[in-house]
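[1] Mind folding the following:
(one chain, ligands or ions: 1)
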Amino acid sequence: MTDLLTPPVALPQERRQVTEIPGPRSRELLARRAATVSAGVGTTLPVFVARAGGGVLVDVDGNSLIDLGSGIAVVNVGNAAPRVVAAVQQQVAEFTHTCFMVTPYEGYVAVCEELAAITPGDHEKRSALFNTGSEAVENAVKIARSATGRQAVVVFDHAYHGRTNLTMAMTAKSMPYKQGFGPFAPEVYRVPMSYPFRDPAGMTGAEAAARALAQIEAQVGAGNVAAVLIEPVQGEGGFVVPAPGFLPAIAEWCRAAGAVFIADEVQTGFCRTGDWFACADEGVVPGLITLAKGMAGGLPLAAVTGRADLMDAVHPGGLGGTYGGNPVACAAALASIGTMRDLDLAAAARAIGATMLPRLRALQQETPAIGDVRGRGAMIAVEIVRPGTTEPDPGLAASIARACHAQGVVVLTAGTYGNVLRFLPPLVIGQDLLTEALDVLAAAFAAAAPA
Ligand SMILES: *Cc1c(COP(=O)(O)O)cnc(C)c1O
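    Numbering: from 1, shown residues only. Purely as a prediction, here's the structure:
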């Protein structure tokens, strides 16, 4: 097992600080950035990266940071993973683009074959490739509407589905994703999520599903629903893991109502939660599944994969895009998926969870501000609250994140209330680095504790 976790890169796997963070070179680049890059593009951590691999990012000042972000769940196979680099280098020298809709190439077809093999369910499947998660979500909605002849799309509280116009409407959180960017697309309806930490104590998944479904039936009408779209474990919304039974009940309702159950696995997919896809955990088989982030080792590639009858209901030419399924990105995806299979990165994700969860639960015992520890595989979060309550404390979450950054550990925040620290290490991170990162986190909580 530890052998599988050994980073396959030459970059020293260590946390190393040679300057303050950010260092002088990063500060220079930050000044150039401010003078030329739109202020609307955010920065989590003010260091500029020079190299990355395994579980570390090396900045332009020579600091080596432990990566618990994976570029937001993208480099599951590690940054610049050797097999991805080799595949990209070969493809980029052969041809870089033809447009698959003009003159096709084998890599696109091979990626779709892989997706048919690894996604849940053994039914006949088809796929279409795109560039971003938002684009995959938009296209899944187009396909569901076309196949059902219906318009309504149901999404959940705390959902994140992207930043394009339709996906902004589907995303729950106003600031920063939607504020000032309306009007939003119509026929999007939001219903309550199963959120065990914030739901009434003891509410089961079946009860939470009944609450959501009653709202759909009363306010949308079952016969109007084209699709119910859900993240099996919510991402930007704060790594909310629904209570057991919730997803199967929603999927079953969709089957009976003739609506398409769409799993948005853009963040949870590709071994992140300890299986190829998170819906497999409860044996849920979605009609359509949206994929992106972890798919291609850092190159932009996205997909909708699903039932052949739905995917083929769209008229020829109805789906596509100039760059969708770019050959270089397809080569990277084939190498990434091969790496996940050969290194059993699903098992690696489970091992990461098995290291992190007990350690974080022990930290919760001595830290009253940690209200909840949750997640699955290598998708783990702690929710920060005012001690003894469920009242969010986004200020403390931000200051813990900043303290980790200053010590050379990349952690991200999330959550509708901004009070969740989330951890998404590359699945090839070494055990020592992971433990060291948890030490830094524990020290940050200890330093923040009221004296
Ligand atoms: C990131 C994300 C998206 C949007 O993907 P982009 O590639 O940023 O457009 C959609 N859904 C989920 C669940 C995501 O995490």
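
[2] got the contact list for the residue of the stretch 1-150 of the chain found nearest the ligand?
    The ligand sits closest to residue 133 of the stretch 1-150 of the chain, with a gap of 2.2 Å, by Cβ to the nearest ligand atom. In short, each C-beta sits where N, CA and C put it, glycine included. Contacts for residue 133 (Cβ atoms under 8 Å, 6 or more residues apart in numbering) come out as 161, 162, 264, 266, 267, 290, 291, 292, 293, 302.

[3] can we see that at 6 Å?
    162, 266, 292, 302 (Cβ atoms under 6 Å, 6 or more residues apart in numbering).

[4] Is the first one in a helix, a strand, or coil?
    When states are read from DSSP: H, G, I helix; E, B strand; the rest coil, the local structure at residue 162 comes out as coil.

[5] Surely it and residue 134 touch.
    Yes - proximity of residue 162 to residue 134 meets the contact threshold set by Cβ atoms under 6 Å, at 2.9 Å.

[6] Can you pull the poorly scored residue ranges out of the stretch 351-451 of the chain?
    For the stretch 351-451 of the chain, the stretches with pLDDT under 70 are 450-451.

[7] again, 80 this time
    Low-confidence segments of the stretch 351-451 of the chain, defined by pLDDT under 80: 449-451.

[8] the strands in it, which residues?
    For the stretch 351-451 of the chain, applying DSSP state E, counting those that start in this stretch gives strands covering 370-376, 379-384, 409-410, 412-414, 420-423.

[9] Same check on the stretch 151-300 of the chain?
    Shown for the stretch 151-300 of the chain, the strands assigned by DSSP E, counting those that start in this stretch span residues 152-156, 188-191, 225-230, 260-264, 288-291.

[10] Let me see the contact set for residue 438.
    Taking Cβ under 6 Å, 6+ apart, we find residue 438 in contact with residue 359.

[11] Could you check how far it is from residue 146?
    Distance from residue 438 to residue 146, counting by Cβ to Cβ, to the nearest Å: 47 Å.

[12] same deal with residue 378?
    For residue 378, the distance to residue 146 (Cβ to Cβ) stands at 36 Å.

[13] higher neighbour count, those two?
    Set residue 378 next to residue 146 and count neighbours by other Cβ atoms under 10 Å: residue 378 wins out with 30 against 17.

[14] Hmm, the more buried one is touching residue 350, no?
    No - using Cβ under 6 Å, residue 378 is not in contact with residue 350, being 8.3 Å away.

[15] interface residues of the stretch 51-200 of the chain facing the ligand?
    By Cβ under 6 Å from any ligand atom, the residues of the stretch 51-200 of the chain that approach the ligand are 132, 133, 134, 137, 160, 161, 162.

[16] which residues does the residue nearest to the first one when sequence neighbours are not counted contact?
    Here the nearest residue to residue 132 in space, its sequence neighbours aside, is residue 302; by Cβ to Cβ, 6 or more residues apart in numbering that works out to 5.5 Å. Under the criterion of Cβ under 6 Å, 6+ apart, the neighbours of residue 302 are 130, 131, 132, 133, 135, 136, 292.

[17] Okay, and which of the residues you listed map to strands?
    In this view, the contacts of residue 302 that belong to strands under DSSP state E are residue 130.

[18] could you dump the contacts of residue 302 to CSV with pLDDT?
    Putting the contacts of residue 302 into CSV (pLDDT from 0 to 100) gives the following:
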residue, pLDDT
130, 98
131, 98
132, 98
133, 98
135, 98
136, 98
292, 98
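
[19] what's around the nearest residue to residue 95 once chain neighbours are set aside, how many residues?
    With Cβ to Cβ, 6+ apart as the criterion, residue 95 has its nearest non-adjacent residue at 6.3 Å, and that residue is residue 327. Per other Cβ under 10 Å, the neighbour tally for residue 327 reads 21.
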